[in-house]
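K.L.:
just coords:
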């Protein structure tokens, strides 16, 4: 019994000693460790962006590292600069000097962030963490989210660790992203130091990076003088005011665009840019633009088309002039829309008669001669060569060393413009238009041409006294205007107004056009009033107004001062075209050809413009019944040297 009791006592003593040691250890740890909570503010407008790629951006401020990384569901990569912005699907990682316990996102007004496990109050989004995880994914956004600030709260636990045992963690840099060398304590896991390893950059060989395989971008130089262009040069055509160039994308009518990066008189570009080889054009002093499939050409006089043809023609022969880096590129065919320009609203390169955006030409730089520079040459003997500026192209003054051939300087001489000009006027006649043409005396270029309209015919005794053309018969009078759809249904023009400034029509119920109208329905009657020049105004008696035009297809009822003077052409089938020349071309009074659209307007094409003018023949009052017999009213007989008889006979009034 005593021995068993001794064993029990010994066990109790051991247990007591163990508890004492454990409690001592706990107090020792508590005494040697201090925990401190801190909050740092990350100002999104002032953060320092430390690295950038198309898939990831990193910002740093106040010891906080904010990483925004593209994930598979990201709809758009983050913006290129401050402030920090996020998109749906972005992966966010936040690092702080301690264990993160809370992050408060102060979103900009109307840009609210949605995060898993977060609480939202107005534009403030709060997420509470357990101190271990700091990676989040943006779930939903009404738009891209911008931040005013991000407040990060974290705990720092200071221990008595001497950090004697450390480990080095190396994150190797890539061509585009920085790496790092991190020294951490192996015992407490605290980061002792972090050193940045800069991105290595691309190492291009044979047109591709040996590390990541990215293709080497091409660098072309701005052409400031047309004399810099030679047959065989490779060029690209770039929008002067935009970072885009003519691309390899071709549809039926034009060329698309692809992005470039502009530098100081150079552009850098990658895929899909159309690299053009210059060849001699069909006309003297012109260039041809050789591409895959043939030559770029201005396709037709009435369209803005830029297409590719297999054989060389005048339409694919281009005159190039350059002034202040802006190139004027003009096709030499008979087309009127032949200037190669950039349409920024449609994002296309095509051919235009006027307007649109300027373009510039960049070319592949000439290979440097493989000969060492004479470092001993003092460039004492030099020659200055002046290439005079022309009207539309810059010149240059070049200084070259006579001893070693090095170009010492090149100074641009701006284009002079068309200074000396001659104005030639061709008077119009009643059959031909005239013109006012301004021509440059120095280069022979046509500076401007303005057309003068034909003069009206001067009709005398039924014929024009100048050209002899017979005077057309007058159509002045009252008419019902009708048109016929292909369905054989006929429609009458009315004096009503359809929606959207159109003229309302009614179904006549007739399958054939009548020969005349009795004028009983005044709402259908239009009066043609002939002008001295042979044109007509169309008067609407029921409204005391005239037919007018504002823009596009719109028609209206207007006062006489605003009435359109229209030309009326009689066709071989007895129908008529009623038209006038507008600022955008010839417009015809036409019935809309869609079966459900019972209205008319001033259309350029595609509708029913062949109209019937049905004359109004007003009915005469009925004639009284009459036998047309003469009635003897009185008679006188005079007897003298001769016999005279005077008599009076009354006739009916309508004979």
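P.N.:
Noted; the coordinates are in hand. Please read all numbers here as calculations on a predicted model, not as lab measurements. Numbering: from 1, shown residues only.
K.L.:
and the residue nearest the centre of the chain?
P.N.:
Computing the C-alpha centroid of the chain and ranking residues by Cα atoms, centre = their mean puts residue 345 first, at 1.0 Å.
K.L.:
how far away is that one from residue 435?
P.N.:
Distance, residue 345 to residue 435, using Cβ to Cβ, to the nearest Å: 32 Å. Where C-beta positions appear, they are placed from N, C-alpha and C, glycine not excepted.
K.L.:
what do you get for residue 260?
P.N.:
41 Å.
K.L.:
compare neighbour counts for these two and give me the winner.
P.N.:
Taking other Cβ atoms under 10 Å, residue 260 and residue 435 do not tie; residue 260 has more neighbours (23 against 14).
K.L.:
that older thread, tell me who's in contact with the residue nearest to the centre of the chain.
P.N.:
With Cβ atoms under 8 Å, 6 or more residues apart in numbering as the criterion, no residue contacts residue 345.
K.L.:
what secondary structure does it sit in?
P.N.:
Residue 345 falls in the coil class when you classify it by DSSP: H, G, I helix; E, B strand; the rest coil.
K.L.:
could you do residue 468 as well?
P.N.:
coil.
K.L.:
residue 461 versus that one, what's the distance?
P.N.:
11 Å.
K.L.:
common neighbours of the two, please.
P.N.:
Between them, residue 468 and residue 461 share no contacting residue under Cβ under 8 Å, 6+ apart.
K.L.:
quick one: residue 335 from residue 568, how far?
P.N.:
For residue 335, the distance to residue 568 (Cβ to Cβ) stands at 32 Å.
K.L.:
same deal with residue 551?
P.N.:
Distance, residue 551 to residue 568, by Cβ to Cβ: 23 Å.
K.L.:
so for those two, which sits in the more crowded spot?
P.N.:
Using other Cβ under 10 Å, the more surrounded residue of residue 551 and residue 568 is residue 568, with 19 against 10.
K.L.:
partners of the helix or strand where that one lies, with directions?
P.N.:
Assigned by DSSP states H and E, residue 568 belongs to strand 567-570. With DSSP bridges as the criterion, the sheet partners recorded for strand 567-570 are strand 576-582 (antiparallel).
K.L.:
pLDDT on the partner strand, on average?
P.N.:
Averaging pLDDT along strand 576-582 yields 90.
K.L.:
give me the contacts around that strand.
P.N.:
For strand 576-582, contacts defined as Cβ under 8 Å, 6+ apart pick out 535, 538, 549, 564-571, 586-589, 602, 609-613.
K.L.:
ok, 7 Å please
P.N.:
The contact list for strand 576-582 (Cβ atoms under 7 Å, 6 or more residues apart in numbering) reads 549, 564-571, 586-589, 609-611, 613.
K.L.:
ok, the nearest residue to residue 288 once chain neighbours are set aside to residue 556 distance?
P.N.:
Setting aside the residues directly before and after it, residue 288 is nearest to residue 279 in space (Cβ to Cβ, 6 or more residues apart in numbering), at 4.3 Å. Counting by Cβ to Cβ, the separation of residue 279 from residue 556 is 54 Å.
K.L.:
and for residue 328?
P.N.:
41 Å.
K.L.:
kindly report the same for residue 39.
P.N.:
Distance of residue 39 to residue 556, given as Cβ to Cβ: 69 Å.
K.L.:
the two: who's more crowded?
P.N.:
It is residue 556, of residue 39 and residue 556, that has more neighbours when counted by other Cβ under 10 Å, with 17 against 12.
K.L.:
now the helices for this protein?
P.N.:
2-32 (DSSP state H).
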